[in-house]
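Novice: model this:
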Amino acid sequence: MRIYDITIKNFRGIAELSKLKVGEINSFVGKNDSGKSNILKALNTFFNDKFDNNDIFKGINDGEKTEISLRFTPSEEVNSLALDADGKIHLKKTFEFSSAGRVVKTFNYICNDINSDKYSNCWGIKESDINSYCTALEIDYSRSGRGVTNASKITLIDENTIALGRIQKEHEATEFLKNIKKQYSFVELPEYSLFDAEQDLNISSTSFQSQFKPIATESLNRNFALTDQIETNVQTDLETEFAAITTLMQKNVPELEKIKTSPSCNWGNLVKFDLSLKFRNDNYDIPISNKGTGFKRLLMVAYFEYLAQKTTKQYQIFGIEEPETFLHPELQQDLLDSIVELSDNSQFFLTTHSPVFAGSTKDSNIIVVKKENEVSTYYNYENEDEILNVVIQELGIKPNYNLLNDNYRKAIFVEGSGDVNFWQIAFEKINGVLPDDILFVPCGGDQIDFFVNAHLCRKINRKFIVVVDSDKGAIDYNNKLANKAQLIENVENLGGKAFILHKREIENYYSKEAIQRLLGANFPLPVEFQIEDFKDIKEEIKTHILAVYPNNFKAKNNFDIFKEMTKDEWLASGVTVGDSTDLEIIINKILEK
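Specialist: The predicted structure is shown next:
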């Protein structure tokens with residue numbers, strides 16, 4: 001389930017925040033100490049019950065509690081009695097401290113319930129109570145035969161109580177989540193991982209080790225027979241020893257028959273580890289503790305990526321504070337590329353001062369945070385120009401001053417550094433040379449810094465083109481064109497031209513023949529491996545090539561493939577449009593005076 005919006009009351013610097021709408025990637029931008037991290041911490045409190053005195057809003061009124069409400073969008077249809085009035089799964093947690101200093105938590109769900117005291121909370125009660133509702137409503141709930149489920153009964157109750165009307169009610173959520181999970185397997189609370197900027201990155205620290213704990217746990221679970229045998233042996237040994245002790249004790253307690261023992265093995269805390277790194281050109285391993293903080297941050301982010309890609313894991317939500325910290329700008333872009341790719345099946349909440357990460361999001365998912373009178377306020381601007389101006393001002397984004405260089409007659413904006421390399425190779429292979437009066441700028445039309453640069457181009461009368469590469473959701477070119485219609489309009493309004501690749505992304509322009517040459521004659525390509533215009537080629541390579549030849553062959557941005565391709569293979573990889581291919585058309589437009 002993906003979070004649809006967030007409501008918070010009395011948490012840290014938040015007095016009250018109502019229905020902050022969020023998307024796949026959400027960037028919180030603002031000055032230091034504005035409260036950007038509050039949302040990430042609140043999510044950690046909701047999902048992982050991390051709450052202490054410092055999380056209470058300093059201006060909280062007597063009798064009030066800290067409240068965090070999340071509304072989720074279910075991935076498939078769910079019975080309406082489990083949803084609120086807007087069709088969302090609505091969960092609410094409250095936190096306070098008892099007089100003894102202990103955290104007291106409530107966990108409720110809010111639904112658009114039957115307006116009746118007799119029939120209520122259908123998804124939070126036992127099956128016997130559901131049956132009682134059916135009996136009272138004179139519903140023959142057995143008529144579905146072997147297909148009878150609690151969901152089918154609740155559907156009948158829903159249909160037979162329409163005349164009573166609906167009203168929003170709040171009920172305890174624990175049984176609700178158990179019951180709905182039984183009927184709808186896809187309704188499951190996501191896992192939330194917080195990558196805290198202040199987190200202790202000492203490898204031996206609990207906070208670091210706990211991030212990787214599932215790896216050891218899963219390994220122990222896979223070796224269940226072994227751990228089960230160990231537990232059985234321990235049980236047997238203990239019983240043998242305590243049988244002897246029982247015999248001795250019976251001298252004084254003759255009625256004693258047996259002393260039973262129930263050993264408990266906590267396998268999850270059994271494994272700790274250290275890490276060292278071996279680089280190709282080095283002779284010795286290097287302890288990761290000897291590497292810089294930025295390197296450790298990359299390791300943590302790579303682990304987040306690993307979690308998100310595991311098909312056995314549930315939907316993932318990641319909170320990452322200042323992902324740009326300690327990272328070189330090129331590594332920032334690499335990290336952003338991974339986050340964008342993972343956002344197809346995961347949700348990200350980022351705090352950032354970097355235009356790289358702020359520019360990765362759709363405008364509606366850029367939240368500007370400001371602090372006024374010690375209270376944090378979150379602005380989700382609807383007007384595109386307004387949010388652009390605010391974000392540009394908050395982050396102090398500057399244009400690419402290479403645009404002022406008179407040696408460049410035209411600027412070409414592409415989505416990332418990988419696309420710059422792609423087009424440079426394409427020019428050299430198809431055109432024979434890359435003209436030195438063309439400037440490629442890695443900031444696509446959806447990114448914040450593009451608008452800064454585009455405005456500069458218009459001001460100095462510099463011609464520019466935007467080339468759009470990736471659209472992972474598109475099923476064909478017309479669909480991709482429709483998805484990018486707003487972007488094309490924005491670019492044209494700024495005085496530029498936009499061109500859309502006719503395939504899903506640049507990896508769809510790989511040549512099978514070039515891949516085969518790189519692999520070598522002794523490693524034939526599996527017949528299952530195919531390159532089609534809107535297939536996920538990276539996934540195809542992982543499934544059909546890396547599964548057979550695990551030789552570190554890159555799936556994404558493999559420029560060895562593009563460099564290996566001949567001019568004929570480049571032309572053959574394009575999509576024919578009239579007398580040319582889409583690649584040739586774009587190159588010719590770039591070359592035009």
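Novice: so Phe523 touches Tyr549, yeah?
Specialist: Yes. Counting by CB atoms under 8 Å, Tyr549 is a contact partner of Phe523 at 5.3 Å. C-beta coordinates here come from the backbone N, C-alpha and C atoms, glycine included.
Novice: got any residues that touch both of those two?
Specialist: Taking CB atoms under 8 Å, 6 or more residues apart in numbering as the contact rule, Phe523 and Tyr549 have no neighbour in common.
Novice: ok, longest strand in this structure?
Specialist: strand 103-114 (DSSP state E).
Novice: Return the distance of that one from the chain's centre.
Specialist: Centroid displacement of strand 103-114 relative to its chain, using CA atoms, centre = their mean, to the nearest Å, is 26 Å.
Novice: how's this structure carved up into domains?
Specialist: 204-273, 401-591 (automatic domain parsing).
Novice: Highest mean neighbour count out of the ones you listed?
Specialist: Neighbour counts (mean count of other CB atoms under 10 Å) averaged over each of the domains of the chain peak at domain 401-591, with a mean of 17.
Novice: so how far is the first residue of that one from its last?
Specialist: Domain 401-591 stretches 22 Å from its first residue to its last (CA to CA, to the nearest Å).
Novice: Read off the pLDDT value for Ala426.
Specialist: pLDDT, Ala426: 95.
Novice: Let me see the contact set for it.
Specialist: By CB under 8 Å, 6+ apart, the residues touching Ala426 are 562, 570, 583, 587.
Novice: For stretch 142-158, buried residues please.
Specialist: 150-151, 153-158 (16 or more other CB atoms under 10 Å).
Novice: Closest one of these to Pro254?
Specialist: Relative to Pro254, the closest of those is Asn150; by CB to CB it sits at 52.8 Å.
Novice: hang on, isn't the closest one packed against Glu127?
Specialist: Yes. Taking contacts as CB under 8 Å, Asn150 lies within contact range of Glu127: 5.9 Å.
Novice: Need the phi and psi values for Asp579.
Specialist: phi -90, psi 0 (degrees, to the nearest 10).
Novice: confidence score at it?
Specialist: 91.
Novice: just flag whichever of the domains of the chain has the lowest average confidence.
Specialist: When the domains of the chain are compared on mean pLDDT, domain 204-273 scores lowest, with a mean of 75.
Novice: Figure out how far it is from the centre of its chain.
Specialist: For domain 204-273, the distance to the chain centre is 37 Å (CA atoms, centre = their mean).
Novice: Likewise for stretch 499-512?
Specialist: 25 Å.
Novice: Tell me which residue lies farthest from the centre of the chain.
Specialist: Lys251 (65.1 Å; CA atoms, centre = their mean).
Novice: contacts for whichever strand or helix holds Leu70?
Specialist: Secondary structure assignment for Leu70, by DSSP states H and E: strand 66-73. In this structure, residues lying in contact with strand 66-73 by CB under 8 Å, 6+ apart are 1-11, 19, 42-43, 45-46, 51, 55-57, 60, 84, 86, 88-96, 110.
Novice: mind redoing it with 7 Å?
Specialist: Strand 66-73 is contacted by residues 1-11, 42, 45-46, 55-56, 84, 88-96 when judged by CB atoms under 7 Å, 6 or more residues apart in numbering.
Novice: Same check on stretch 560-571?
Specialist: 422, 425-426, 429-430, 510-511, 513-515, 517-518, 581, 583.
Novice: First-to-last residue distance for stretch 321-340?
Specialist: Note: stretch 321-340 ends 16 Å apart using CA to CA.
Novice: Go through that stretch and flag the buried ones.
Specialist: In stretch 321-340, counting by 16+ other CB under 10 Å, buried: 321-324, 326-327, 331-340.
Novice: Those: which two are farthest apart?
Specialist: Among the buried residues of stretch 321-340, Phe326 and Val340 lie farthest apart (CB to CB), at 20.6 Å.
Novice: now the strands for the stretch 201-350 of the chain?
Specialist: Assigned by DSSP state E, counting those that start in this stretch, the strands in the stretch 201-350 of the chain fall at 276-277, 286-287, 316-321, 346-352.
Novice: do you know which of the ones you listed lies nearest Asn493?
Specialist: Closest among these, using CB to CB: strand 346-352, at 27.0 Å.
Novice: Toward the C-terminus, what is the element adjacent to the closest one?
Specialist: As assigned by DSSP H and E, the chain's next helix or strand after strand 346-352 is helix 355-358.
Novice: Quick one: list the elements packing against that next one.
Specialist: With contacts defined as 3 or more CB pairs under 7 Å, 6 or more residues apart in numbering; DSSP states H and E, helix 355-358 has these neighbours: strand 25-29, helix 329-342, helix 384-395, helix 448-459.
Novice: Distance to Thr246 for those - can I get that in TSV?
Specialist: Formatted as TSV, the helices and strands packed on helix 355-358 follow (distance: least, CB to CB, whole Å):
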stretch	distance to Thr246
strand 25-29	62
helix 329-342	58
helix 384-395	73
helix 448-459	74
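Novice: list the buried ones in the strand holding Leu70?
Specialist: Neighbour counts over strand 66-73 (16+ other CB under 10 Å) mark 66-72 as buried.
Novice: now it: how far from the chain's centre is it?
Specialist: Distance, centroid of strand 66-73 to centroid of chain: 18 Å (CA atoms, centre = their mean).
Novice: Kindly format the C-alpha coordinates of that strand as CSV.
Specialist: The C-alpha coordinates for strand 66-73 follow below in CSV (Å, rounded to 0.1, in the frame of the first residue of the first chain):
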residue,chain,number,x,y,z
THR,A,66,0.3,13.3,19.7
GLU,A,67,-1.6,12.0,16.7
ILE,A,68,-0.3,10.6,13.4
SER,A,69,-2.8,9.5,10.7
LEU,A,70,-1.9,7.9,7.4
ARG,A,71,-4.2,7.3,4.5
PHE,A,72,-3.2,4.5,2.1
THR,A,73,-4.2,3.8,-1.5
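Novice: and Val467, that one's in a strand?
Specialist: Yes. Counting by DSSP: H, G, I helix; E, B strand; the rest coil, one finds Val467 located in a strand.
Novice: what about it, distance to Ser120?
Specialist: Val467 sits 57 Å away from Ser120, going by CB to CB, to the nearest Å.
Novice: swap in Tyr509?
Specialist: In terms of CB to CB, Tyr509 sits 58 Å off from Ser120.
Novice: try Ile259
Specialist: Ile259 is 49 Å from Ser120, where distance means CB to CB.
Novice: try Val356
Specialist: 50 Å.
Novice: Looking at those two, which has the bigger crowd around it?
Specialist: Under the criterion of other CB atoms under 10 Å, the comparison of Val356 against Ser120 puts Val356 first, with 21 against 17.
Novice: Which pLDDT does the model give the residue lying closest to the more buried one once chain neighbours are set aside?
Specialist: Leaving out its chain neighbours, the residue that sits closest to Val356 by CB to CB, 6 or more residues apart in numbering is Gln332, at 4.7 Å. Here, the pLDDT recorded for Gln332 equals 75.
Novice: Could you do Asn54 as well?
Specialist: pLDDT, Asn54: 92.
Novice: Tell me how far it lies from Thr45.
Specialist: On the measure of CB to CB, Asn54 and Thr45 end up 11 Å apart.
Novice: what do you get for Ser75?
Specialist: Ser75 sits 25 Å away from Thr45, going by CB to CB.
Novice: and what of Ile531?
Specialist: 46 Å.
Novice: swap in Ile288?
Specialist: From Ile288 to Thr45 the distance is 30 Å (CB to CB).
Novice: which secondary structure element contains Gln168?
Specialist: Assigned by DSSP H and E, Gln168 falls in strand 166-172.
Novice: Can you spell out which helices and strands pack onto whichever helix or strand comes after that strand?
Specialist: Once the chain leaves strand 166-172, the next helix or strand it forms, by DSSP H and E, is helix 174-183. On a contact count with 3+ CB pairs under 7 Å, 6+ apart, helix 174-183 meets helix 150-159.
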